[in-house]
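In: sequence isn't available, so here's the structure alone:
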């Protein structure tokens, strides 16, 4: 199955409106936000998967000066099938615009072969919150394989290049990789530094979580955990260190 969905915002009368909201099952989009404030959209899966062999693409275009929040109503279960499944998210965030991308976790069912690709481009003054969470299989099962790649640029300059693989038993169990963790996740907080934060945040290492300032305008929070609720708690703790006045 090949599916392509898209969200495009525009500024109208000083507020954000959705110029395009195109769904293609199983990628079904629903506007859920209020008439004022950021445009809010939820991703609703209207079919099983992705299954092996599927190619799913989501395109986000946040116009200058607008705001978009995108979430999902449930976790995504990646299932085995004939071949590798691919999920691609491409996002452009215009000058002075903001994007919050926070779907529920991706669960790698046993036997799946999956590839996750994110391409994020931020213009001058854009702000982004981007959360990804991956769960290594359903309860009591080993995960399938997943190759994840994240590429972000800010004003045309590389901001983040990140790549990792899940599902190789010889690597996953290494103390230098995942150890006994069953989940991995990250949050990218990027954009202009608030005036109250006069200097970049320092790197912080916590229980299963690392907060690392990037060379460009952003901070990366990475975490490992034994389960999804603990992973979310650790990422939330790391996020709090990216905001002024919180610790």
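Out: Thanks, I have the structure now. The structure displayed is predicted, hence computed values, not measured ones.

In: what's near enough to touch residue 239?
Out: Residue 239 sits next to 187, 189, 221 when contact means C-beta atoms under 8 Å, 6 or more residues apart in numbering. Heads up, the C-betas are built off the backbone N, CA and C, glycines and all.

In: wait, the first one touches residue 131, no?
Out: If I follow you right, that is residue 187. Yes: in this structure residue 187 lies within contact range of residue 131 using C-beta atoms under 8 Å: 4.8 Å.

In: quickly list what's touching both of the two.
Out: residue 235.

In: list the contacts for the residue lying closest to residue 91 once chain neighbours are set aside?
Out: Nearest residue to residue 91 in three dimensions, chain neighbours excluded: residue 60, at 4.0 Å (C-beta to C-beta, 6 or more residues apart in numbering). Neighbouring residues of residue 60 by C-beta under 8 Å, 6+ apart: 6-7, 68, 70, 89-92, 99, 101.

In: narrow the residues you listed to those in strands?
Out: Those of the contacts of residue 60 mapping onto strands are 6-7, 68, 70, 89-92, 99, 101, per DSSP state E.

In: of these, closest to residue 119?
Out: Closest approach between the ones in strands among the contacts of residue 60 and residue 119, by C-beta to C-beta: residue 90, at 4.7 Å.

In: how many neighbours does that closest one have?
Out: Using other C-beta atoms under 10 Å, the number of residues around residue 90 comes to 16.

In: residue with max distance from the center of this protein?
Out: residue 13 (30.0 Å; C-alpha atoms, centre = their mean).

In: returning to that earlier point: strands paired with the one helix or strand the residue nearest to residue 91 maps to, and their directions?
Out: Assigned by DSSP states H and E, residue 60 belongs to strand 55-62. Partner strands and pairing direction for strand 55-62 (DSSP bridges) are strand 2-12 (parallel), strand 85-93 (parallel).

In: what mean pLDDT does stretch 216-236 get?
Out: For stretch 216-236, mean pLDDT rounds to 95.

In: centre of the chain to the lengthiest helix in the chain, how far?
Out: Ranked by residue count under DSSP state H, the longest helix found in the chain is helix 228-240. Distance of helix 228-240 from the chain centroid (C-alpha atoms, centre = their mean, to the nearest Å) equals 14 Å.

In: hey, which helix or strand in the protein has the poorest pLDDT?
Out: helix 169-172 (a mean of 78; mean pLDDT, DSSP states H and E).

In: circling back to that earlier point, ok, the contacts of residue 239 vs residue 228, which is closest?
Out: Nearest to residue 228 among the contacts of residue 239 is residue 187, at 14.5 Å by C-beta to C-beta.

In: ok so residue 139 is a helix residue?
Out: No: judged by DSSP: H, G, I helix; E, B strand; the rest coil, residue 139 forms no part of a helix; its state is coil.

In: that one and residue 160, how far apart?
Out: Going from residue 139 to residue 160 by C-beta to C-beta, to the nearest Å gives 32 Å.

In: neighbour count for those two, which is higher?
Out: Higher neighbour count among residue 139 and residue 160: residue 160, with 20 against 7, using other C-beta under 10 Å.
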